[in-house]
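In: can you look at this prediction? I've put the sequence above it.
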Amino acid sequence: MEVNDLPLLELFTKLREAGLPLGIDEYQLVLQAIQAGFGINDQAALKRLCQTLWIKSAEELRLFEYHFEQVMSSNGVLATLPTSTMTTRQRQLSQITRYLALAGACIIGAALVWGITSRNQNQTTKDLAIPSQTPGLINPTPTPGTNPTTTTAPQTNQTQNENNWKAIAPFITLGFQVVGIGLASVSVLTTIYTIIRWLTQRLSKQTANDDNSFLQATTDTPTLDISSSLTQVIEDEVQVAQTVLQATSRNDQTSYNQFILSFDYLPVTQRQMKQLWRYLRRMIREGVTTELDVEATIKQIGHQGTFLEPVIVPRRVNRTELLLLIDQDGSMVPFHSLSQRLVETALRGGRLGRSNIYYFHNCPVEYLYQDPNHQQAELIDDALTQLRQERTVVLIFSDAGAARGGFNPERIDLTGAFVKRLKQYVRHIVWLNPMPRSRWLGTTAGEIAHLIPMYEVNRRGMQDAIDVLRGRSPNFQERIK
């Protein structure tokens, strides 16, 4: 499976359009994992990889499975997997053939070396044996009455011919041996290559038949539409609308746009805000007894010695109360859309016990306002006395003077006095600043950040702010340095 053959970009775009909080970092993370060898074995491995890196909840899992099946079936990824598998097998068989050819060449080379070495040894042995066997030929002693020249000449010629023949014979024998070994090696390699090629063709046919049957079974399976149960599980109405739109328009033959046109340029999406608000919980058992307390029931059985009746307790409900204070107008005008999103997600998707929204300008001094236009005023003491200290947490949304880069000692003093006053009524306070942390240094915001935990508005900053409101305060003094 090649990375370029996978419709990852199309799948990534579909999931983003469905509302999943995915960015370029998540897409690059999947590409890096595939390049490292993960998720390339088959479609199931790719699905597990994307699901592990992209999916964070059960709702996202259902959306992912739906779009994954749609994208993979429409692009025919299943048909590309057998080709990749056969290519790998052919490469393996080709390597085996090369190894066999190399082994044959080594055998022939070894035979040549062995033959030449054996010939040199035989020739050396014969040369050493000739002087001891015919010593008379070297210095013959003439006998009386004979002619030495006529007697030794024929013997010398015969001996020389025999020596020449003995010198040529090993080469002829070696040539026949080399030719025989070469023919045998060629025949063996030809036989092995024929067998390997036959096996390759047979495996190709078998794999093609299996893939065709699998594709036919996959094609015959009807595509499931989005059921009503899926719509009920997905609680965000925006996601439901987008998913239904995808289901009704999947058969339209229109050109696919690779770019997403979105007007959502805020650092935290609406979906992410809803998810983060839901972590702000203080569960208390209240109301009618409807749930079985297993642990208490077991203890009761052990105490009484028999089972008489179960222990029923009220269900757990979130009783966290949020006081959201928003800086309005002035330098906060560019961030009105962001503050409005904070209010909407806290009221509609936060599942909080109670949410109180108040507005102010620069710093609360005497009044808090119930509307963004500062028409419905309420005394700060009246608003704070209605709070329950054991349940209420406060989140302040303001730039604290960082937008204009000014330093106002009076604003610092007023803010410090208000925070001190606020701590008498609530347990946890946190500040969200829409300006980046790099703009705080040398401004009023930088000094206020030493009085109260302050974080910039992004996914990580809002997550840390929620942790502070839950009582899990990180070291914000290190973060502002």
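Out: Cool, got the structure.

In: okay, CA-based contacts and neighbour counts for the rest of this
Out: OK.

In: strand partners of the biggest strand by length in the chain, parallel vs antiparallel please.
Out: If you go by DSSP state E, the chain has its longest strand at strand 283-292. Counting by DSSP bridges, the strands paired with strand 283-292 are strand 312-318 (antiparallel).

In: contacts for the partner strand?
Out: 281-293, 351-353 (C-alpha atoms under 8 Å, 6 or more residues apart in numbering).

In: and for stretch 47-54?
Out: Contacts for stretch 47-54 (C-alpha under 8 Å, 6+ apart): L22, E26, L29, V30, F38, G39, L61, F64, F68.

In: and the pLDDT for the nearest residue to the third one once chain neighbours are set aside?
Out: What that stands for is L29. Among residues not flanking L29 along the chain, L53 sits closest, at 7.7 Å (C-alpha to C-alpha, 6 or more residues apart in numbering). At L53, the predicted lDDT confidence score is 89.

In: what separation is there between L53 and T306?
Out: Separation of L53 from T306 (C-alpha to C-alpha, to the nearest Å): 50 Å.

In: same question, A296
Out: Distance of A296 to T306, given as C-alpha to C-alpha: 14 Å.

In: neighbour count: the two, which is higher?
Out: Neighbour count, other C-alpha atoms under 10 Å: between A296 and T306, A296 has more, with 14 against 10.

In: over to the closest residue to the more buried one other than its chain neighbours: give its phi and psi.
Out: Nearest residue to A296, sequence neighbours excluded (C-alpha to C-alpha, 6+ apart): V311, at 6.3 Å. Phi and psi for V311, reported as degrees, to the nearest 10, are phi -90, psi 120.

In: so V311 sits against K299, correct?
Out: No. Contact status for V311 versus K299: not in contact, 9.8 Å apart, counting by C-alpha atoms under 8 Å.

In: and these two? which has more neighbours close in?
Out: More crowded of V311 and K299, by other C-alpha under 10 Å: V311, with 17 against 12.

In: low-confidence ranges, the chain, go.
Out: 1-6, 75-105, 109-167, 169-171, 174-180, 182-187, 204-264, 473-481 (pLDDT under 70).

In: what ranges do the strands span in it?
Out: So, for the chain - with DSSP E - the strands run 283-292, 312-318, 321-327, 354-360, 367-369, 377-379, 392-397, 428-433, 454-456.

In: in PDB, list the C-alpha atoms belonging to the longest one.
Out: Put plainly, it is strand 283-292. Presented in PDB, the C-alpha positions along strand 283-292 are these (Å, rounded to 0.1, in the frame of the first residue of the first chain):
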ATOM      1  CA  MET A 283     -21.200  15.800  40.900                       C
ATOM      2  CA  ILE A 284     -23.700  15.600  43.900                       C
ATOM      3  CA  ARG A 285     -26.300  13.000  44.600                       C
ATOM      4  CA  GLU A 286     -29.700  14.800  44.700                       C
ATOM      5  CA  GLY A 287     -33.300  14.100  44.000                       C
ATOM      6  CA  VAL A 288     -35.300  10.900  43.900                       C
ATOM      7  CA  THR A 289     -33.500   7.600  44.800                       C
ATOM      8  CA  THR A 290     -33.200   5.800  41.500                       C
ATOM      9  CA  GLU A 291     -29.700   4.200  41.400                       C
ATOM     10  CA  LEU A 292     -28.500   1.000  43.000                       C
END
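
In: picking that back up, just the contacts of stretch 47-54 now: which is nearest L347?
Out: Nearest to L347 among the contacts of stretch 47-54 is L22, at 24.5 Å by C-alpha to C-alpha.

In: neighbours around T385, how many?
Out: Number of residues near T385 (other C-alpha under 10 Å) recorded here: 10.

In: go on, C363?
Out: Neighbour count of C363, defined by other C-alpha under 10 Å: 19.

In: how near is it to E378?
Out: On the measure of C-alpha to C-alpha, C363 and E378 end up 15 Å apart.

In: ok, back up a step: tell me which of the strands of the chain approaches A403 most closely.
Out: strand 428-433 (9.7 Å).

In: related to what we said a few turns ago, derive a ChimeraX selection command for the buried subset of the contacts of strand 312-318.
Out: Only the buried entries of those go into this ChimeraX selection, using 16 or more other C-alpha atoms under 10 Å:
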select :281,282,351,352,353
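
In: do I have it right that P364 meets F418?
Out: Yes. Assessed by C-alpha under 8 Å, P364 is found in contact with F418 at 6.9 Å.

In: of these two, which one has the most company?
Out: Using other C-alpha under 10 Å, the more surrounded residue of P364 and F418 is P364, with 19 against 16.

In: and E26, how close does it get to R427?
Out: For E26, the distance to R427 (C-alpha to C-alpha) stands at 37 Å.

In: now N373
Out: Relative to R427, and taking C-alpha to C-alpha, N373 is found at 29 Å.

In: neighbour count: these two, which is higher?
Out: R427 (17 against 11).

In: so who does that one touch?
Out: So R427 contacts Q389, E390, T392, V393 (C-alpha under 8 Å, 6+ apart).

In: by neighbour count, which of those residues wins?
Out: Using other C-alpha under 10 Å as the neighbour criterion, V393 leads the contacts of R427 with 27 neighbours.

In: distance check, that one against T320.
Out: 8 Å.

In: please apply the same query to G416.
Out: Distance from G416 to T320, by C-alpha to C-alpha: 25 Å.

In: so which of those two has more stuff around it?
Out: Taking neighbours as other C-alpha under 10 Å, G416 and T320 compare with T320 leading, 22 against 17.

In: wait, the more buried one sits on L280?
Out: Yes. The criterion here is C-alpha under 8 Å, and T320 meets it with L280 at 7.2 Å.

In: count the residues that sit near T191.
Out: Residues near T191, counting by other C-alpha under 10 Å: 12.

In: also the one 10 residues further on?
Out: By the criterion of other C-alpha under 10 Å, Q201 has 12 neighbours.

In: next: S74.
Out: 12.

In: give me every residue that touches it.
Out: S74 sits in contact with no residue, where contact means C-alpha under 8 Å, 6+ apart.

In: sorry, back to before: distance of the residue nearest to A296 relative to D467?
Out: Per C-alpha to C-alpha, V311 is found 34 Å from D467.

In: same check, this time on I312
Out: I312 is 32 Å from D467, by C-alpha to C-alpha.

In: I55 now?
Out: Distance from I55 to D467, by C-alpha to C-alpha: 22 Å.

In: ditto for E10
Out: 36 Å.

In: again with I172
Out: 93 Å.

In: between the two ends of stretch 362-377, how far is it?
Out: The first residue of stretch 362-377 is 16 Å away from its last residue (C-alpha to C-alpha).

In: residues contacting that stretch, please?
Out: Residues outside stretch 362-377 that contact it (C-alpha under 8 Å, 6+ apart): 327-328, 357-360, 378-380, 383, 398, 400-401, 411, 414-415, 418.
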